[in-house]
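Participant: quick check, what structure comes out for this input:
(one chain, ligands or ions: 1)
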Amino acid sequence: MTLRIGTRGSALAMAQTGDIASAITAATGVDTELVPVTTHGDVSRESLSSLGGTGVFASALREFLLRGECDLVVHSMKDLPTVAYAGLRVGAVPVRADARDTLCARDGLTIETLPSGARVGTGSPRRAAQLAALRPDLQVIDIRGNVGTRLGFVTSGELDAVVLAAAGLGRLGQLDVVTEYLELDVWPTAPAQGALAIEVRTEIYDDRDGNADVLAALEAIEHQETRAAATAERAVLSRLEAGCAAPIGASAVITPERVSLAAAVYAPDGSGTLRLNRQADFATSAVHEIIGTAEAVGSALADDLLAQGAATLAPLRQS
Ligand SMILES: NCc1[nH]cc(CCC(=O)O)c1CC(=O)O
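Facilitator: Below is the predicted model of the structure:
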């Protein structure tokens, strides 16, 4: 039997799905095959919000999985809407890559040393707001395209820098272009950035014998701390009813004893930031206790943010 793994066709998606396929085969001996699916989000150059924002990348993959054309699909978890999708479940969350953003600038420049008026590219409202908050004298340029296209704007001289996720650059073997790692305590990133979500049809859990290979693969790559951290961070988004493009950063740290979560909401123009923390101790080390506590701390932190005016600071529901 060969496990068919659905993936987007971009270089980044193929690289991360290839990593998952190798991990599954190494742990279980099961053969895997990558099945690329082209999504409208991949081919269009329209802005994400005009495409319908949240979920443009995920829905084609999800339909493909529901039709039974593959056994599991790999998503970048930060691009996956928080709302459940009928018939599907996140069957595994593998170990997280670096959650930080990076600055990739010409001439070794950093956020601090970029000259006034420098042109910095990003398509993310969160990154645009963070740039504006730290350096209101920079020009933020709205860009689209995959990682290679974005880096090309810097090599061509069209931009002085771009902000990109360390995880994506790492998976592509391109961390050599990074000129600064932006630390999570000053620059929290998108909920679940650096994490992947492996989605499966819920029906496979009703026939465990018939789906033993898929279930073994899921179990082999599951990483509980990553699932807990991603759950806490995504609970903030979900409680705020915010989309993946909302100007929100969140960063959770999981220890055996507790979950510590920090979240920030930004005014789009950088004129204001609301930053709060919360932590909660795990009563037991049971998986459901850890995941339940992580979810609860994320919801509670979102309530704190709302109570302190998050919804007037930023357009949360715009996707
Ligand atoms: N929004 C695009 C996207 N979706 C996932 C990643 C890579 C990082 C990750 O896997 O979290 C990227 C590129 C980027 O943000 O630089």
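
Participant: around the ligand, which positions in the chain sit nearby?
Facilitator: Ser76, Lys78, Asp79, Leu164, Ala165, Ala167, Gly168, Gln193, Gly194 (CB under 6 Å from any ligand atom). Heads up, the C-betas are built off the backbone N, CA and C, glycines and all.

Participant: in those, which residue is surrounded by the most others?
Facilitator: Counting neighbours by other CB atoms under 10 Å, the top entry in the residues of the chain next to the ligand is Gln193, with 28 neighbours.

Participant: now for that residue: which residues touch it?
Facilitator: For Gln193, the contact set (CB atoms under 8 Å, 6 or more residues apart in numbering) comprises Met77, Lys78, Ala99, Asp101, Ala165, Ala167.

Participant: quick one: it from Ala166, how far?
Facilitator: Look at Gln193 and Ala166: by CB to CB, to the nearest Å, they are 9 Å apart.

Participant: which neighbours do those two share?
Facilitator: The contact sets of Gln193 and Ala166 overlap at Ala99, Asp101 (CB under 8 Å, 6+ apart).

Participant: surely Ala97 is in contact with Ala166?
Facilitator: Yes. Using CB atoms under 8 Å, Ala97 is in contact with Ala166, at 7.3 Å.

Participant: now the common contact residues for those two.
Facilitator: By CB under 8 Å, 6+ apart, the residues touching both Ala97 and Ala166 are Gly194.

Participant: can you name the residues in contact with stretch 10-29?
Facilitator: By CB under 8 Å, 6+ apart, stretch 10-29 touches 3, 5, 7-8, 30-34, 36, 42, 74, 76, 94, 146-148, 168, 171-172, 196, 198, 213, 216-217, 220-221.

Participant: same thing with stretch 269-277?
Facilitator: With CB under 8 Å, 6+ apart as the contact definition, stretch 269-277 has outside contacts at 128-134, 136, 260-267, 301, 304-305, 308-310, 313.

Participant: next step: these restricted to helices.
Facilitator: Ala128, Ala129, Gln130, Leu131, Ala132, Ala133, Leu134, Leu301, Asp304, Leu305, Ala310, Leu313 (DSSP state H).

Participant: just flag the most distant two among those residues.
Facilitator: Largest separation among these by CB to CB: Leu131 and Asp304, giving 25.3 Å.

Participant: and these two? Which one has more around it.
Facilitator: Per other CB under 10 Å, whichever of Leu131 and Asp304 has more neighbours is Leu131, with 25 against 16.

Participant: identify the residue nearest that one in space, chain neighbours excluded?
Facilitator: Val140 (5.3 Å; CB to CB, 6 or more residues apart in numbering).

Participant: same check, this time on Gln224
Facilitator: In space, Gln224 is closest to Val287, 6.3 Å off (CB to CB, 6+ apart).

Participant: so how many other residues sit close to that neighbour?
Facilitator: The number of residues near Val287, taken as other CB under 10 Å, comes to 12.

Participant: now the buried members of the ones in helices among the contacts of stretch 269-277.
Facilitator: Among the ones in helices among the contacts of stretch 269-277, those buried by neighbour count (16 or more other CB atoms under 10 Å) are Ala128, Ala129, Gln130, Leu131, Ala132, Ala133, Leu301, Asp304, Leu305, Ala310, Leu313.

Participant: and the pLDDT for the first one?
Facilitator: Think Ala128. Ala128 carries a pLDDT score of 98 in this model.

Participant: which residues touch it?
Facilitator: Contact partners of Ala128, counting by CB under 8 Å, 6+ apart, are Thr122, Val140, Asp142, Pro247, Pro268, Gly270.

Participant: run a quick neighbour tally on Val177.
Facilitator: 17.

Participant: what about the closest residue to it other than its chain neighbours, helix or strand, and which?
Facilitator: Nearest residue to Val177 in three dimensions, chain neighbours excluded: Cys104, at 4.6 Å (CB to CB, 6+ apart). Here Cys104 is covered by strand 101-105, with elements defined by DSSP states H and E.

Participant: okay, now the sheet partners of that strand, with direction.
Facilitator: Sheet pairing for strand 101-105, assigned by DSSP bridges, gives strand 161-165 (antiparallel), strand 180-182 (antiparallel).

Participant: wait, doesn't the residue nearest to Val177 sit right on Ala166?
Facilitator: No. Taking contacts as CB under 8 Å, Cys104 lies outside contact range of Ala166: 10.2 Å.
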